[in-house]
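here's a sequence, model it:
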Amino acid sequence: MAINELWTELYRPKTIDEYVFKDAAQREQVEHWIKTKTIPHLLFSGSAGIGKTTLAKILIDALGVDPYDVLSINASRERGVETIRDKIKAFASTMPFGDLKVVLLDEADAITFVAQAGLKGTMEEFSSTVRFILTTNHPNKIIPPIHSRCQGTHFEKIDHAEFTARVATVLITENVEFELEVLDNYVRATYPDLRKCLNLLQQNSSTGSLKPPSSADKSVSDYRFDMVKLFKAGKVREARTVLCTNALTDDIDDIFRWMYDNLDIWSQTDEGQDEAICIIRNGLVNHAAVADAEINLSACITELINIGK
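This is a model prediction of the structure:
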């Protein structure tokens, strides 16, 4: 079993042919960019871990951009005006070694609104020699002037069954023994974040057998594992307590997305799941308006667990 290389890197697609597109039109668009050797400013959006950054790197490589002409920044760590002024603008102001420079901004929604305004100006000023590729989990947090200067591409998550099949294939390839019930706990806790799921699976299978996630070992676990187990056991109120007492304020948007991605927890019927979607939507809207996020989340889950009662 390979243990020296991260599975997220080992199994990351390296070429357009290896990359799995959910939308044929998106593949055609990317292939057109590669064929013409030109791209507009791009804004890639979609859930965490579904391959936005991977595609951006594949595209940059396929365009033949010189490595010295690429600046990659994780905006969750560098989000202020000084990043735009001291790093991005300084990089963009020099001539490229090749035909084009590319700035790859991961998690661009983390950039402050003031810094985004500065970024907009930089995109305009150096548009003749620099292209920007922004990735974001939350496109609504990107200011409209940047949206209008980028060609947006939204990536849909793969379905639950395909997600499970992919991670199971990795385990089989790595000769890891596993039980489907244990694997399902990982999938439930991490879907649709493939990157997070693979990281946790690798951490918990170093002995050649996939171990159930241990709540005592926070380096390889997540409160969502405990929550999933409780939900699956029908202990919904206990699950609500685990979720509401452990979720950080910054996690709330992702928690609402997780609830939406796992509609079958709330109901097995189409009508019940439609009702769940409306409840989750209302909870997310209220999240922006109420002072206590924990109370709002708890109230939302209370409505969900009472569907059909």
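
let me know the helix or strand that residue 45 is in.
strand 42-46 (DSSP states H and E).

for that strand, list the C-alpha coordinates in PDB.
Listed next in PDB are the C-alpha coordinates belonging to strand 42-46 (Å, rounded to 0.1, in the frame of the first residue of the first chain):
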ATOM      1  CA  LEU A  42     -12.500  32.800 -15.100                       C
ATOM      2  CA  LEU A  43     -14.600  32.200 -12.000                       C
ATOM      3  CA  PHE A  44     -14.900  28.500 -11.000                       C
ATOM      4  CA  SER A  45     -17.600  27.900  -8.400                       C
ATOM      5  CA  GLY A  46     -18.900  24.800  -6.600                       C
END
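
elements contacting the helix or strand just after that strand?
Note on strand 42-46: by DSSP H and E, the next helix or strand toward the C-terminus is helix 52-62. Applying 3 or more Cβ pairs under 8 Å, 6 or more residues apart in numbering; DSSP states H and E, we find helix 52-62 packed against helix 24-36, strand 42-46, strand 101-106, strand 130-136. C-beta coordinates here come from the backbone N, C-alpha and C atoms, glycine included.

nearest to residue 179, of these?
strand 42-46 (30.5 Å; Cβ to Cβ).

quick one, the closest one and helix 52-62 angle?
Here strand 42-46 runs at an angle of 150 degrees relative to helix 52-62 (axes from the mean of the first three to the mean of the last three Cα atoms, to 10 degrees).

look at residue 22 and give its secondary structure.
Classification of residue 22 using DSSP: H, G, I helix; E, B strand; the rest coil returns coil.

from residue 181, how far out is it?
Distance, residue 22 to residue 181, by Cβ to Cβ, to the nearest Å: 28 Å.

between those two, who's got more neighbours?
Under the criterion of other Cβ atoms under 10 Å, the comparison of residue 22 against residue 181 puts residue 22 first, with 15 against 9.

leaving out sequence neighbours, find the closest residue to that one.
Counting by Cβ to Cβ, 6 or more residues apart in numbering, residue 156 is the residue found nearest to residue 22 once chain neighbours are left out, at 4.9 Å.

burial of the one you found, as a residue count?
For residue 156, the number of neighbouring residues by other Cβ under 10 Å comes to 13.

hang on, it packs against residue 45?
No - if you go by Cβ atoms under 8 Å, residue 156 and residue 45 don't touch, sitting 10.4 Å apart.

low-confidence ranges in the stretch 101-250 of the chain?
Where the stretch 101-250 of the chain drops to pLDDT under 70, the residues are 214-222, 232, 249-250.

okay, helices next: where are they in it?
113-125, 144-149, 160-173, 180-190, 194-203, 223-232, 236-246 (DSSP state H, counting those that start in this stretch).

for the residue nearest to the spatial centre of the chain, what are phi and psi?
Against the mean C-alpha coordinate of the chain, by Cα atoms, centre = their mean, the closest residue is residue 48 at 0.5 Å. Main-chain dihedrals, residue 48, degrees, to the nearest 10: phi -60, psi 140.

so it sits right up against residue 251, yeah?
No - assessed by Cβ under 8 Å, residue 48 is found out of contact with residue 251, at 11.5 Å.

which secondary structure elements does the strand holding residue 45 contact?
Helices and strands touching strand 42-46, as assessed by 3+ Cβ pairs under 8 Å, 6+ apart, comprise helix 52-62, strand 130-136, strand 151-155.

how far does that strand sit from its chain's centre?
11 Å (Cα atoms, centre = their mean, to the nearest Å).

same question, stretch 72-85
Centroid separation for stretch 72-85 versus its chain: 19 Å, with Cα atoms, centre = their mean.

repeat for stretch 118-132
With Cα atoms, centre = their mean, you get 25 Å for stretch 118-132.

make sure residue 297 is indeed in a helix.
Yes - when three-state DSSP is applied, residue 297 is found to be in a helix.

neighbours of it, how many?
Per other Cβ under 10 Å, the neighbour tally for residue 297 reads 23.

returning to what we had before: separation between the residue nearest to residue 22 and residue 176?
Per Cβ to Cβ, residue 156 is found 29 Å from residue 176.

for the residue nearest to the centre of the chain, give me its contacts.
Residues near residue 48 by Cβ atoms under 8 Å, 6 or more residues apart in numbering: 137, 193, 195, 196, 254.

go through the helices and strands packed on helix 52-62 and pick out the most buried.
Among the helices and strands packed on helix 52-62, strand 130-136 has the highest mean neighbour count (mean count of other Cβ atoms under 10 Å), at a mean of 25.

and that one with strand 42-46, angle?
Strand 130-136 and strand 42-46 meet at an angle of 10 degrees, taking the same axes, to 10 degrees as the criterion.

tilt between strand 130-136 and helix 113-125?
With the same axes, to 10 degrees applied, the angle from strand 130-136 to helix 113-125 works out at 150 degrees.

who's in contact with strand 130-136?
With Cβ under 8 Å, 6+ apart as the test, strand 130-136 has contacts from 39-45, 52-53, 56, 59-60, 92, 96, 100-109, 119, 123, 142, 146, 150.
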